[in-house]
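J.: give the three-dimensional model of this entry:
(one chain, ligands or ions: 1)
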Amino acid sequence: DDVRQKYIKGKKLGEGTYAIVYLGHFREDPSSCVAIKKIKVNAEYKDGLTMDAIREVKYLQELSHQNVIALHDVFSSKDQNLNLVLEFLPGGDLEMLIKDNDIHYGASDIKAWMGMLARGVWFCHENFVLHRDIKPNNLLIAANGEVKLADFGLARYHPVVSAPELLYGARQYSGAVDVWSMGMVFAELLLRVPLLAGMSDLDQITKICEAFGTPTEDNWPGVTQLPNYVADKTVPLQGREFFLRQFPTAGPVGADLLMSMCALDPRKRRTALQVLQHSWWTTDPQPTKNEDLPRKS
Ligand code: ADP
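T.: So this is what the prediction gives:
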């Protein structure tokens, strides 16, 4: 395989549930750094899937933006596993920062991180790519502090559902699923704990209803027709006061932005572009400069 020959694989950097990640470099440039991510493909899916998967991930190679991890190459290894050659991002991820109690961060830092996330998501949507699995653990940090969206197009190997329309089994969905997840990241950065951590899909939708209110035909036309819709006890939709009370550090303008990202009806949710057009970004405090952002210890 020509592509595989372009890289030298080095030491193991880490291992997740679905992949093993190695340090590597371009054969012709020993001073370069890449991350080679070997996706564990479930044996029963292996036959034929690798080629499909390669085709599916290939278009991500064209996606070039500051806040989207660069995918240099894709190849399948001898054992039929899918290997992604990715930009090397040594700064850890947002989840590490959120969970590290020795790290202190404030409203300006959150605004900087959310800005980078929102620009990355906007760029993907502009190019007709949905991420579908945005969470702090998938937001990697470069040496210069830049936050980058990672772990794309792999949702098919581990189906993820987070936005209410996905939990209700909607077969047609849009970029609104990513905006919902962006809202959840925003909330988690503010609270430093996941806002809604359900044990199962049903538990997750119950928690969403308890927190934000119950979807009804009134506030979300068509919701009762979705495949997995379950009638739950009706909690009225939460308004501005709830978000202000729950997220005081966001300030009133930030709470308003968060609320508009958490609209249950995907059609009422702000789009990524509308997120970027919100007045929160230009409201004080200003976002922290990358070089001043808190870093992993
Ligand atoms: P997880 O979901 O647990 O983060 P991954 O399989 O995505 O699992 O990654 C495993 C580990 O490999 C990460 O915790 C991180 O330390 C490292 N890693 C992943 N991607 C990169 C990258 N692009 N650059 C540097 N290190 C990476």
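
J.: now the strands: where do they sit in the stretch 1-150 of the chain?
T.: Under the criterion DSSP state E, counting those that start in this stretch, strands of the stretch 1-150 of the chain are mapped to 7-15, 19-26, 29-39, 71-76, 82-87, 139-141, 147-149.

J.: tell me the buried residues in the first one?
T.: Neighbour-count burial for strand 7-15, with 16 or more other CB atoms under 10 Å as criterion, is recorded at 7-9. Where you see a C-beta, it was placed from the backbone N, CA and C, and this is true even at glycine.

J.: who are the packing partners of that strand?
T.: strand 19-26, strand 29-39 (3 or more CB pairs under 8 Å, 6 or more residues apart in numbering; DSSP states H and E).

J.: tell me which of the ones you listed sits most buried.
T.: strand 19-26 (a mean of 18; mean count of other CB atoms under 10 Å).

J.: now that one: how far from the chain's centre is it?
T.: 21 Å (CA atoms, centre = their mean, to the nearest Å).

J.: quick check: which element contains the residue nearest to Met114 when sequence neighbours are not counted?
T.: In this structure, Met114 finds its nearest non-sequential neighbour in Phe186, 5.7 Å apart by CB to CB, 6 or more residues apart in numbering. Assigned by DSSP states H and E, Phe186 belongs to helix 176-191.

J.: next one: that helix to chain centre, how far?
T.: Taking the mean of its C-alpha atoms, helix 176-191 sits 9 Å from the chain's own mean (CA atoms, centre = their mean).

J.: in that helix, what's buried?
T.: Across helix 176-191, burial judged by 16+ other CB under 10 Å covers 176-190.

J.: alpha carbons of the next helix or strand after it, in PDB - could you do that?
T.: Moving toward the C-terminus from helix 176-191, the first helix or strand encountered (DSSP H and E) is helix 201-212. Extracted as PDB, the C-alpha positions of helix 201-212 are listed here (Å, rounded to 0.1, in the frame of the first residue of the first chain):
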ATOM      1  CA  ASP A 201     -31.400   6.700  25.600                       C
ATOM      2  CA  LEU A 202     -34.700   6.700  27.400                       C
ATOM      3  CA  ASP A 203     -33.100   8.000  30.600                       C
ATOM      4  CA  GLN A 204     -31.400  10.700  28.500                       C
ATOM      5  CA  ILE A 205     -34.700  11.900  27.000                       C
ATOM      6  CA  THR A 206     -36.300  11.900  30.500                       C
ATOM      7  CA  LYS A 207     -33.400  14.000  31.800                       C
ATOM      8  CA  ILE A 208     -33.700  16.500  28.900                       C
ATOM      9  CA  CYS A 209     -37.500  16.800  29.500                       C
ATOM     10  CA  GLU A 210     -36.900  17.300  33.200                       C
ATOM     11  CA  ALA A 211     -34.300  20.000  32.600                       C
ATOM     12  CA  PHE A 212     -35.700  21.900  29.600                       C
END
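
J.: distance from the chain centre to helix 201-212, please.
T.: With CA atoms, centre = their mean, you get 20 Å for helix 201-212.
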